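*Asks:* I'd like to go over a predicted model; first the sequence, then the structure.
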Amino acid sequence: MVKDLCFFVYIRNSSTTKLGKSISLKFHIAQHSRDTELMKKFIAIFDCGRIELNLARSVVYFVVTKLQDITDKVIPFFDKSPIGLFPHLFRLDTR
């Protein structure tokens with residue numbers, strides 16, 4: 001069972017944009033650190049992402065931050081999911 005599956009939207013101050021703000025996205029799946037090898041398989045499944053390990057909290061994360069990978073690989077995966085892991089309420093209309 002997946003411990004945590006999240007999409008984050010970050011809005012930060014930026015001196016290089018016209019509005020003075022920048023937006024970035026992050027998708028992550030979190031599991032207990034004992035599942036690190038399992039989590040590494042997500043890189044092969046999605047053909048993107050990285051693993052982040054937080055030993056202090058005994059958590060391992062599969063993380064995707066590249067917008068194109070989120071829109072072209074992650075979201076379509078959950079669109080096709082027969083178990084509805086990606087609720088319509090949170091669907092991003094990126095097409």
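*Replies:* Okay, I see it.
*Asks:* C-alpha from now on. contacts and neighbour counts both.
*Replies:* Fine.
*Asks:* Tell me how many other residues surround residue 66.
*Replies:* 14 (other Cα atoms under 10 Å).
*Asks:* So what does it have for phi and psi?
*Replies:* phi -80, psi 120 (degrees, to the nearest 10).
*Asks:* And it, how far from residue 34?
*Replies:* Noted for residue 66: a distance of 26 Å to residue 34, by Cα to Cα, to the nearest Å.
*Asks:* Identify each buried residue in the lengthiest helix in the chain, please.
*Replies:* As assigned by DSSP state H, the longest helix anywhere in the chain is helix 36-46. Using 16 or more other Cα atoms under 10 Å as the test for burial, helix 36-46 gives 36, 39, 40, 42, 43.
*Asks:* residues in contact with the fourth one?
*Replies:* When the contact criterion is Cα atoms under 8 Å, 6 or more residues apart in numbering, the partners of residue 42 are 49, 62.
*Asks:* do that again at 7 Å, thanks
*Replies:* Contact partners of residue 42, counting by Cα atoms under 7 Å, 6 or more residues apart in numbering, are residue 62.
*Asks:* Which per-residue confidence value corresponds to the closest residue to residue 73 other than its chain neighbours?
*Replies:* Of all residues not flanking residue 73 in the chain, residue 46 sits nearest, at 6.2 Å (Cα to Cα, 6 or more residues apart in numbering). pLDDT for residue 46: 92.
*Asks:* Would you check how far apart residue 46 and residue 63 are?
*Replies:* 11 Å.
*Asks:* Could you do residue 8 as well?
*Replies:* 11 Å.
*Asks:* what residue ranges in the protein are flagged as low confidence?
*Replies:* 1-3, 81-95 (pLDDT under 70).
*Asks:* Need the residue closest to the centroid of it.
*Replies:* residue 27 (1.5 Å; Cα atoms, centre = their mean).
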